[in-house]
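Engineer: Below: sequence and its predicted model.
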Amino acid sequence: MSQTVDSFSFAKRIPATPSIGSTTVTKQDHVHLSFGFAAPHLFPIEQLSQSAAEAVTLHGRKALQYSGSVGPGQILKWIQARSQVHGIHVELDQILVTYGSTQGIDLATRILVEPGDHVWVESPSFFSALQAFRTAEAEITSFPIDEEGVRVDLIEHALLNAKQNGKPLPKFLYTMPTYHNPGGVTLSVERRKRLVQLAEIYNFFILEDDAYSELNFTGNRYPPLYTLFPERVIYLNTFSKIIAPGLRLGWIFADSNVIAKIKLLNLGGSIGVFTQEIVAKLLDGFAFQEHVDSLIDHYRQQRDVMANAVKNSFGEHVTFHLPEGGFYIWLRFADEVNTSDFLEDAANRGVSFVDGKSFYVNPEGFQYARLCFSYVSEDQIVRGVQSFADAYFAYINKAVS
């Protein structure tokens, strides 16, 4: 028996979520340059399988309880030890495991932001972070990036102006200082130092998203912002890029008082404890640095293949910054180009990408596009970039005809 169900009014703080990128490519040989995924053939499948079996066999009944067995404690100690490679020294009560770094963004936002509070971001910025800030009903202000990262001079000017004119200061600034998504740029050491000085002077937090820092193609090292001012930096990282994203494990570093407040939001107890048991078994005796080195070698080669393919297919029609690490190349077209206008044609030609406007707070960025080189093969990169270029040239030819 059918019946009519009345409409329901959901919470207004939940914003409408647009589709990000073209993910509806249906051709059999489609190429997803929009997917910011790790290369699946590099997942340590055999080691994870063995680790899962050992977690069940050795600790099964305790591992499947709310707090798990020995794994969560081992994970904390491994994260603590590994962070020292990057110059970070933390106590165990300054670490919290999360469901990936994106949950870390959400949790930090929830403890810091009331509706109407101000959050400052880079322009462009990670679209899932922007969604978290919108859901928190924050007022979002963005600042442009260049080849040395976010324009800290403009942030300083805005802070001074707000202070002098009685305007609200930000509760925090969200930044991806190393191998930025989508821009591919890295914040210079000089700007890092000035940014944390500003956080101290004006008393705001910095939310540092460091998801790609292990994927260092050049060997150049940059100090995490957390090492420069741990009292006012909340640091985020993840296993998603270095082991496998389906594990959904990341972590936060912060002052112990901040961690204590975030823990109050974990109503279900510890995060993914059985997954932590598996990962702990994996990391025990795993040649992790060799694994990371193999990731770097592969992704560097992928980057170079994509950079050459873009140059060959687009010529002088685009510019981009060659990233020192990470997953992405950020293309800039002429200012009059709107990459959203040829998303559908590119999909029909069998390739997806993310149009620039998806990464901005305001209606801008239309002349940009993000391509991901990590997920697909070299042959697919070349073919996908060419199909993307075909869609672009059809678009501009139509515009001038």
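Structural biologist: Cool, got the structure. Numbers count the residues shown, from 1 in each chain.

Engineer: would you say Tyr235 is within a strand?
Structural biologist: Yes - with DSSP: H, G, I helix; E, B strand; the rest coil as the criterion, Tyr235 is located in a strand.

Engineer: Does it touch Asp255 like I think?
Structural biologist: No - counting by Cβ atoms under 8 Å, Tyr235 stays clear of Asp255, with 10.7 Å between them. Where C-beta positions appear, they are placed from N, C-alpha and C, glycine not excepted.

Engineer: residues touching Gly68, list them.
Structural biologist: 62, 270, 273-274, 276-277 (Cβ atoms under 8 Å, 6 or more residues apart in numbering).

Engineer: Give me the three-state assignment for His89.
Structural biologist: Relying on three-state DSSP, one would call His89 coil.

Engineer: Give me the neighbour count for it.
Structural biologist: By other Cβ atoms under 10 Å, the residues close to His89 number 12.

Engineer: before we move on, back to that, ok, Tyr235 and Asp255, which is more surrounded?
Structural biologist: For Tyr235 versus Asp255, neighbours defined as other Cβ under 10 Å are more numerous around Tyr235 (27 against 17).

Engineer: Out of the contacts of Gly68, show me where the pLDDT dips lowest.
Structural biologist: Least confident entry in these, by pLDDT: Ser270, with 77.

Engineer: I figured it hits Ser69, correct?
Structural biologist: No - when contacts are counted by Cβ under 8 Å, Ser270 is not listed as touching Ser69 (11.3 Å).

Engineer: Look at these two and report which has more neighbours.
Structural biologist: Per other Cβ under 10 Å, whichever of Ser270 and Ser69 has more neighbours is Ser69, with 21 against 15.

Engineer: Compute the distance between that one and Val150, please.
Structural biologist: 42 Å (Cβ to Cβ, to the nearest Å).

Engineer: isn't there a strand covering Phe143?
Structural biologist: Yes - assessed by three-state DSSP, Phe143 belongs to a strand.

Engineer: What count of nearby residues applies to it?
Structural biologist: Phe143 - counted by other Cβ under 10 Å - has 19 other residues nearby.

Engineer: I'd say Glu364 and Lys357 touch.
Structural biologist: Yes - with contact defined as Cβ under 8 Å, Glu364 reaches Lys357; the gap is 7.1 Å.

Engineer: what comes up buried for stretch 128-145?
Structural biologist: Counting neighbours by 16 or more other Cβ atoms under 10 Å, one finds that the buried residues in stretch 128-145 are 129-136, 138, 140-143, 145.

Engineer: Next, Trp330: phi, psi?
Structural biologist: Taking degrees, to the nearest 10, you get phi -110, psi 110 for the backbone angles of Trp330.

Engineer: From Leu343, how far off is it?
Structural biologist: 16 Å.

Engineer: which of these two has more neighbours?
Structural biologist: Between Trp330 and Leu343, counted using other Cβ under 10 Å, the more crowded position is Trp330 (24 against 21).

Engineer: mind listing the strands for the stretch 1-150 of the chain?
Structural biologist: Listed in chain order, the strands found in the stretch 1-150 of the chain under DSSP state E, counting those that start in this stretch are 31-32, 95-98, 118-123, 139-146, 149-150.
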